[in-house]
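In: Predicted coordinates and the sequence they were generated for:
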Amino acid sequence: MFPSQTYIARRKQLMSQFRSGLILLLGNQESGMNYADNTYHFRQDSNFLYFCGLDYAGLAAIIDIDTGKTTVFGDELSLDMIVWTGALPTIKEMSHQAGIEDTAPEAALATVLNQAKQQNREIRFLPPYRPENAIRLSHLLGINPSDAAIHASLPLIEAIVAQRSIKTGEEMVEIEKGVAITNEMHLTAMRIARPGMTEAQVAAAVHAVPLQYGSHLSFPIICSVHGEILHNHYHKNTLSSGKLLLLDAGGESLMHYAGDMTRTFPVDKTFTQKQKDVYEIVLQAMNDAIDALRPGITYRDVHLLSARTIVNGLKALGLMKGDTEEAVAAGAHALFFPHGLGHMMGLDVHDMEDLGELHVGYEAGEQKSTQFGLKSLRLARALQPGFVLTVEPGIYFIPALTDRWQAEGKFTEYINYAALGDYRDFGGIRIEDNYLITETGGKLIGNQVPKTIAAVEEIRRSS
């Protein structure tokens, strides 16, 4: 945990955004995989962690804006439970570390909320993303679980997004730890991958890295020779000569701050010329985006800058044609680059997206594009110092998408379909790093993991 003053200051800042009422923060519960006692790995709700710091299941908190007090609700372990878990600090002891002196049993939570309702006090809560908490809200507040998100407090969402978007020095230390673990995960893959191994063997070695630090993955590993499948969690293919391996993976610090990185490298020791040609376009798109990072620029503009770089590069290869600006405006580039350039990162790998992607990545009242590709842009708003984000352009050759667009005669003025046959089995390339927005630009978080062709080939040759 951070020092207690950190959590006290965070709650004070949040309370300052409201005149009166209660803020209800629900921690996460244990969740069974296939029966109640066989649970998934517990992951605390990130908003509860941010304001209360308590990394244990079955807790809730009420921040009373009128009194300035915070109360944590939860039941102490029974003797029967201690047999299985061992002795743990009491809820009062844990809460004290977060600067919270008031605690109460779980049953008291409903009593406090009922009293608040009778007094017509406003009770603000966040949209639940787990069904357990949607049901919990139903019991506590009489809200239909399917309507819980509708009744969530928009002012509370906006206040938390504004507060959590700006990372403090303490948080950056933790993010750097998460990124350091992530770096090691990717270096491990680059050193061990070889023809004849399975994707699963590489993924297992990558997963072992955060585990050996007592930490966990920040999201499920994407490790695939079919990099054209954007979120490919199938790991049963065998690595073979001539293929590329795309690894998108990240680890958490012990305080759950995330890292998120992608590298694409040859299964062989070196890239083929065709692989080099495409890789250099992706790398240039990334470098152009990094050079553009600064406060005030919208990330939509940075995304579109990368898209233009990709179009120009593919035109040089004879895969696209026509006017670059027109092609990007029409969305023709999305055949090859069908996702957004990046997203916010912090306690969540896609930071705060449980509160709503529009609230996190877009200006108030701004709507997302409906255009294929651009509609997948998670972060479009103007950048501010203290933002932490990912930069992750890519080029993919997706046979099903290419066949559909070609059959529909789509964007024939910009796409050279006849030349795409030679790339049908190419796969995909994505490169991703994590950046902090400073007063003057963007700062790479952590040490650079090889990403130039020369650096990647050097580590592959030495493996």
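Out: Cool, got the structure. None of the values given here were measured: they were computed from a predicted structure.

In: what about the longest helix in this protein?
Out: Secondary structure of the chain read by DSSP state H shows that its longest helix is helix 169-192.

In: Return the distance of that one from the chain's centre.
Out: Centroid separation for helix 169-192 versus its chain: 15 Å, with Cα atoms, centre = their mean, to the nearest Å.

In: next one: stretch 119-131
Out: On the basis of Cα atoms, centre = their mean, stretch 119-131 sits 24 Å off its chain's mean C-alpha point.

In: list the buried ones in that stretch?
Out: Using 16 or more other Cβ atoms under 10 Å as the test for burial, stretch 119-131 gives 122-128. (Glycine included, C-beta is placed from N, CA and C.)

In: now for the longest helix of the chain, which elements pack on it?
Out: Applying 3 or more Cβ pairs under 8 Å, 6 or more residues apart in numbering; DSSP states H and E, one finds that helix 169-192 makes contact with helix 199-212, strand 244-249, strand 261-266, strand 433-437, helix 453-461.

In: Quick check: which of these is nearest to Thr168?
Out: Of all the helices and strands packed on helix 169-192, the one in closest proximity to Thr168, counting by Cβ to Cβ, is strand 433-437 (11.4 Å).

In: Name every strand pairing with the following helix or strand past that closest one and say which way it goes.
Out: For strand 433-437, the succeeding helix or strand toward the C-terminus, using DSSP states H and E, is strand 442-444. Strand 442-444 sits in its sheet next to strand 433-437 (antiparallel), going by DSSP bridges.

In: I'd like the average pLDDT over the partner strand.
Out: Average pLDDT, strand 433-437: 98.

In: and if you look at stretch 404-418?
Out: On average, the pLDDT along stretch 404-418 is 98.

In: ends of it, how far apart?
Out: Chord length of stretch 404-418, first to last residue, is 14 Å (Cα to Cα, to the nearest Å).

In: Where does the prediction get shaky in this protein?
Out: Within the chain, no range satisfies pLDDT under 70.

In: any idea what sits nearest Arg430, other than its immediate chain neighbours?
Out: Excluding the flanking residues, the one nearest Arg430 by Cβ to Cβ, 6 or more residues apart in numbering is Gly394, at 3.5 Å.

In: Contacts only, for the one you found.
Out: By Cβ atoms under 8 Å, 6 or more residues apart in numbering, Gly394 lies in contact with 262, 282, 337, 339, 428-431.

In: Run through the helices of the stretch 1-150 of the chain in chain order.
Out: For the stretch 1-150 of the chain, the helices defined by DSSP state H, counting those that start in this stretch occupy 4-15, 46-52, 79-85, 91-97, 107-118, 131-141, 148-151.

In: is it possible to export these to TSV including distance to Val278?
Out: Shown next, in TSV, are the helices of the stretch 1-150 of the chain (distance: least, Cβ to Cβ, whole Å):
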stretch	distance to Val278
helix 4-15	45
helix 46-52	36
helix 79-85	51
helix 91-97	51
helix 107-118	55
helix 131-141	42
helix 148-151	41
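
In: between these, which one is nearest to Cys223?
Out: Nearest to Cys223, of those and by Cβ to Cβ, is helix 46-52 at 25.2 Å.

In: elements contacting that closest one?
Out: Against helix 46-52 (3+ Cβ pairs under 8 Å, 6+ apart) you get helix 4-15, strand 22-26, strand 60-64, helix 154-165.
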